[in-house]
Structure formats: C-alpha cells, structure tokens
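K.L.:
Got a predicted structure plus its sequence, pasted below:
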Amino acid sequence: MTAPTASDIDKHKLEKIRAVTERILDEIGIRLHNGGIVEMLSKKGFRTEGDIVFFSSTQLQEALDAAPTEFTLHAPNPEWNMVIGGDHAEFAPAYGASSIIDAQGNTRDAVLEDHFNFVKLVHQSPHLKVNGGILAQPNDVPAKQSHLIMHYAALTGSDKCMTGMPGSIEQMTELMELTAIRIGGRKLLMAKPHILTMVSPISPLQIDDMGLHSIKVAAEYNQPIIASPGVAAGTTGPIDLASNLAMASAESLAVIIIAQTINPGTPVLFGLQCYGADMKIGNISIGSPAYALQAKYTTALARMYGLPSRCGGSTNDAKALDAQSGYESMLSLFTSSQNRANLMVHSAGILDSFAGISFEKFIMDIEMMEMTRSYLDDLQVDEETLHFDLIKEIGHGGLFLTSADTMKKCRTHTWNPKVAVRGSLKGMTPSEKFLKNIEIQKQKMLTTWKKPETDPEIGQQMAQYLRDKGISEAIIQRIEG
C-alpha cells in the first residue's frame, strides 16, 4: 500500500501534546503498585516519592534511543513473519472478550471450542499474521489455567506470529516456556521477538502489579511489549481529547521506560487505545469519532517518538451485526489503516464496546480489511493502464465487455465481495442473504482448516508441559481432537 502523509496533523499540536506529556512524567509521575520495581528504578537514578516514580526528559530520551524503531516478529512458520514499525500496517484480531454475541445480539459465555474456532479462523485469513491472545476467554476451563490452555490452542492450531497475555510472574513465565518449547528452546526464544504481550496501565496514571510483572518477564525474555493504556475521555481521562492523549502518552511511555531500564533494546509498541465516553450513561465509546481521531494522533505521536504504533481496529458500540456495527467499524479501521498504524488490534470480531466477540462480525471485518487494502493500494497509472489504443479501437458506442483485455483481466482486476449482497436474492430477504453468505464463508474457512505440521516430539513436549502444570488430559484432548 502507498503511504499517506501526516501533513494534515499540525506539528505544533504534536509538540504541545509532547510537552504536556513530559511534564506529567516529570512533575506528576506514575504510581507503581510493586515495591520491587519502584526500588529497582530508584537504584537506577529515578526520583521516587513512596510508590510514585518520576521520569525526566533525559531518562525518557535514553529509553527512546534504546528502543528499536521497528522489529520483526517471528512466527513458527517464517512465511508469516511480520515487520512491526516503519510504513508497515498489520491487522490483529479481537482480544479480551469473554462473551459470544450472535448476529441478532444474543449473548452467551464463551467456551474453549469458541476460542479454538477463532484460532482456526485467524489462521485461515491471509490478512491476519498474528494469532492467539485472549480471542474468547473460555468460561468452561479453570481460570488459573486458562492462559496456558488458550496459548496451547494457538500454538497447536496455528503457525503464525503469537500474541500472549499479561499475568503474574508465574503465568508470564509459563507462557514464555511453552512458546520456547514450540520454537525449539529458550535460547532461540530470547534471540528474536516471538510473542507479543499487551500491558494496559490503570488510568489515571497507575500501573498495577500484574502489568509490572508482565513488563518484567517480557523484557527479561527480550519479547515485545505493547504499552497500551485505555483512557476514556471524560471518565478515566480528561474530557478534552488533547489532554486525554497527553495523559495516555505518559502512561504508555512509562511502560516503555521501565522495559528499557530492565533490558535496553526490548522491542516495544507505543499503543494508545484512547476512547470517547458516553456522558449520559458513563460508558466508554469505541465507535465514536473521538476514538478514530485519537488513533490518528497516536500514529503521529509514535512516529515523533521513533516507535512502532498500536491503535485502531474495527471497533464499534453496536449490540448486534447491524448498520451501526458497519459504519462505526469502518471509520476506525480506515482511519488507522490510512494513517499507517503498525498494529491494529481488534480488527476482526469485536462488538458492543469490547463486551463480546462475534463470529459473524469476524467474517464481515475480514471483508472490510480487503476493501480497505484495495482502496489504499491506489491506482496504477501508466501507458499500459491508460489504454489509449484500446479506447480508440473500441470507439464510439462500442463494448469493452467483450474485448480481449477485459476477458484477460476480469477475474483479477475487479474487487468482488465474499459476503456483501449482489445480484439475485434467490427468495431471501437482503438480511437473510447477507447472513447466509457469512455462514458459508465461515464454514468454508473452518472446514478447510488443517492443523499446521509440528515436529511430533515438540507436540508431545508441549502437551506434557500442560500435564505437568496440572491441566487435565480431557482439556488437552479437546484441543488435540
């Protein structure tokens, strides 16, 4: 895709946001709910007052100098390796929902089979190079074991890049150890980025114990961290978007500074997930223009700091698969794509302000990704595509439909939807036809999924690791089939 410019973002506005961000870090500081991390930072020269740590502009710049401007995330199958940073814009699926929402808006608890089916769908889509994380938090497995169970499902059901999840020291270490088994050992894991960990500060201006543990383990394993505060303008952040962005930037940069202090050179993403808020009811809004506008500024701020960015996705506040879910999602997805967000989490499946994930919405979002990329690929304009001679040959009142050029290119030079409704309805209503197209595409992806080839010994080692951690054979077999 061609790269857009950020010329419509006033650089003076970015500098003003940056100035306030640095004042927040230096004068207000960030509360860290972990005495060990506070003590470590104090010994490294950071000013502290109780559990509040202050970060100077010099310390910020040292961290920015240490962090890579881009990096390659490595997949078990190198064909799916993805560059994060620069002009690269990549999609990632929904993350974090514990409920399944059907097309009509009915909600139920997610189960392990839901999570594994989403693993399969992600694996089947060429637009998604990263799999795993919390695709659908299963409610039918022990909560304390769910991180390993979900990660095992992703590692066995896909050979794409991997997203993990935050957790305690023990949980994070288990995710790293299981990943190491999959790729051939701890040394290979630590040599290259293989698994993303998302860390979300607790706004305003705090990082909890789990977040700090996640930063510590990921950095020690040299694995990339998505520093991604979710600040809602008017509730957990200031109602003016400029100050909301400044505060969120301070929280994200604090995560990045801590990671670089633990292990200079740790890959990181500057990831603001800034929302609007519905002040009538106090809920976050991820479908409003406020979300898309802050995503646009997030990409510009990341470029200014020299860091890869994370924001955007097909976000919406819709309760079902309806017109609202389409137009709100397209605003967010298109804005982030056009402004070259390096990683767009929640690009497929999310509904109802993150309350649930939808199979139908996932399939629809894949089509939206295709549309967006087709548009951003732009036109090829040269003598070959302008076809003066062909236009002269067909002449006045002729028909291009039957020309040799059209016949040659008709299957490759037009964009045709897989789920959008065109042509005959065959006795159905438009809504019925649309949902049927989605179901056909979903079933095609699931039935053609094939388990990626894995060295049998590695597969046995991963399964045994789960057994050693107390996970039942019955759960392992639900994944193994």
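P.N.:
Noted; the coordinates are in hand. Numbers count the residues shown, from 1 in each chain.

K.L.:
use CA for all of it now, contacts and neighbours both
P.N.:
Will do.

K.L.:
what residue ranges in the stretch 1-150 of the chain are flagged as low confidence?
P.N.:
1-7 (pLDDT under 70).

K.L.:
hmm, try it at 80
P.N.:
1-8 (pLDDT under 80).

K.L.:
can you give me the strands for it?
P.N.:
30-32, 47-49, 52-54, 70-73, 82-85, 90-91, 99-101, 107-109, 130-132 (DSSP state E, counting those that start in this stretch).

K.L.:
and among these, the most buried is which?
P.N.:
strand 130-132 (a mean of 30; mean count of other Cα atoms under 10 Å).

K.L.:
Can you list the neighbours in contact with it?
P.N.:
With contacts defined as Cα atoms under 8 Å, 6 or more residues apart in numbering, strand 130-132 is touched by 91-93, 119, 122-123, 150-151, 154-155, 158, 160-164.

K.L.:
just to revisit the earlier point, please render the strands of the stretch 1-150 of the chain as JSON lines that adds distance to Lys444 to the earlier fields.
P.N.:
Rendered in JSON lines, the data for the strands of the stretch 1-150 of the chain read as follows (distance: least, Cα to Cα, whole Å):
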{"stretch": "strand 30-32", "distance to Lys444": "48"}
{"stretch": "strand 47-49", "distance to Lys444": "57"}
{"stretch": "strand 52-54", "distance to Lys444": "52"}
{"stretch": "strand 70-73", "distance to Lys444": "29"}
{"stretch": "strand 82-85", "distance to Lys444": "26"}
{"stretch": "strand 90-91", "distance to Lys444": "21"}
{"stretch": "strand 99-101", "distance to Lys444": "20"}
{"stretch": "strand 107-109", "distance to Lys444": "24"}
{"stretch": "strand 130-132", "distance to Lys444": "19"}
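
K.L.:
can you pull the contacts of the residue of the chain most remote from its centre?
P.N.:
Among the residues of the chain, the one whose C-alpha is farthest from the average of all C-alpha positions is His396, by Cα atoms, centre = their mean at 50.9 Å. Applying Cα under 8 Å, 6+ apart, we find His396 in contact with no residue.

K.L.:
With Arg18 instead?
P.N.:
Taking Cα under 8 Å, 6+ apart, one finds Ala246 in contact with Arg18.

K.L.:
Look up how far Ser424 lies from it.
P.N.:
Applying Cα to Cα, to the nearest Å, one obtains 55 Å for the distance of Arg18 from Ser424.

K.L.:
swap in Gln324?
P.N.:
The gap separating Gln324 from Ser424 is 25 Å, by Cα to Cα.

K.L.:
And those two? Which one has more around it.
P.N.:
Neighbour comparison, Gln324 and Ser424: the larger count goes to Gln324, with 15 against 9 (by other Cα atoms under 10 Å).

K.L.:
tell me the contacts of that one?
P.N.:
Residues near Gln324 by Cα under 8 Å, 6+ apart: 316-318.

K.L.:
before we move on, what about Ser374?
P.N.:
Taking Cα under 8 Å, 6+ apart as the definition, contacts of Ser374 comprise Trp415.

K.L.:
From Gln324, how far off is it?
P.N.:
Shown here: Ser374 relative to Gln324, a distance of 22 Å by Cα to Cα.

K.L.:
Ok, Ser228 next?
P.N.:
Following Cα to Cα, the distance that separates Ser228 from Gln324 is 26 Å.

K.L.:
same thing with Glu113?
P.N.:
28 Å.

K.L.:
And for Cys274?
P.N.:
Distance of Cys274 to Gln324, computed by Cα to Cα: 20 Å.

K.L.:
again with Phe46
P.N.:
Using Cα to Cα, one gets 47 Å for the distance from Phe46 to Gln324.

K.L.:
Asp240 now?
P.N.:
The separation that Asp240 has from Gln324, given Cα to Cα, amounts to 25 Å.

K.L.:
got it, and Ile479?
P.N.:
For Ile479, the distance to Gln324 - Cα to Cα - is 35 Å.

K.L.:
Same question for Ala277.
P.N.:
For Ala277, the distance to Gln324 equals 17 Å [Cα to Cα].

K.L.:
what does Asp102 give?
P.N.:
When distances are taken as Cα to Cα, Asp102 and Gln324 turn out to be 15 Å apart.

K.L.:
cool, and Trp80?
P.N.:
When Cα to Cα is applied, the distance between Trp80 and Gln324 equals 33 Å.

K.L.:
Report the central residue of this structure.
P.N.:
Among the residues of the chain, the smallest C-alpha distance to the mean C-alpha position (Cα atoms, centre = their mean) belongs to Val345, namely 1.8 Å.

K.L.:
Pretty sure that residue sits against Pro93.
P.N.:
Yes. In this structure, Val345 is within contact of Pro93 by Cα atoms under 8 Å, at 5.8 Å.

K.L.:
Spell out, range by range, the helices that occur in the stretch 351-481 of the chain.
P.N.:
Using DSSP state H, counting those that start in this stretch, the helices assigned to the stretch 351-481 of the chain run over residues 359-376, 383-386, 388-394, 404-409, 430-448, 456-468, 473-480.

K.L.:
Leaving out chain neighbours, which residue sits closest to Leu466?
P.N.:
Using Cα to Cα, 6 or more residues apart in numbering and skipping the chain neighbours, the partner closest in space to Leu466 is Leu148 (7.4 Å).

K.L.:
Then Met368?
P.N.:
Across the structure, with Cα to Cα, 6+ apart as the measure, the residue nearest Met368 apart from its sequence neighbours is Met330 (7.1 Å).

K.L.:
what's the angle from the strand or helix carrying that neighbour to helix 359-376?
P.N.:
Met330 belongs to helix 323-338 when elements are defined using DSSP states H and E. Per axes from the mean of the first three to the mean of the last three Cα atoms, to 10 degrees, the angle that helix 323-338 makes with helix 359-376 is 40 degrees.

K.L.:
Packing partners of the helix or strand just after helix 323-338?
P.N.:
Of the helices and strands lying after helix 323-338 in sequence (DSSP H and E), the nearest is strand 343-344. With contacts defined as 3 or more Cα pairs under 8 Å, 6 or more residues apart in numbering; DSSP states H and E, the secondary structure elements packing on strand 343-344 are strand 90-91, strand 309-310.

K.L.:
go with 6 Å
P.N.:
Counting by 3 or more Cα pairs under 6 Å, 6 or more residues apart in numbering; DSSP states H and E, the packing neighbours recorded for strand 343-344 are strand 90-91.

K.L.:
Count residues in the vicinity of Asn342, would you?
P.N.:
29.

K.L.:
quick one, what contacts the nearest residue to it once chain neighbours are set aside?
P.N.:
If the residues on either side of it in the chain are set aside, Asn342 comes closest to Ala89, at 4.3 Å by Cα to Cα, 6+ apart. The neighbours of Ala89, taking Cα atoms under 6 Å, 6 or more residues apart in numbering as the test, are 340-343.

K.L.:
max-length helix in the chain?
P.N.:
Across the chain, the longest stretch assigned as helix under DSSP state H is helix 241-262.

K.L.:
State the mean pLDDT of the helix or strand following that helix.
P.N.:
Next in sequence after helix 241-262, counting helices and strands by DSSP H and E, comes strand 268-271. Taken as a whole, strand 268-271 has a mean pLDDT of 98.

K.L.:
Alright, that wraps it up for me.
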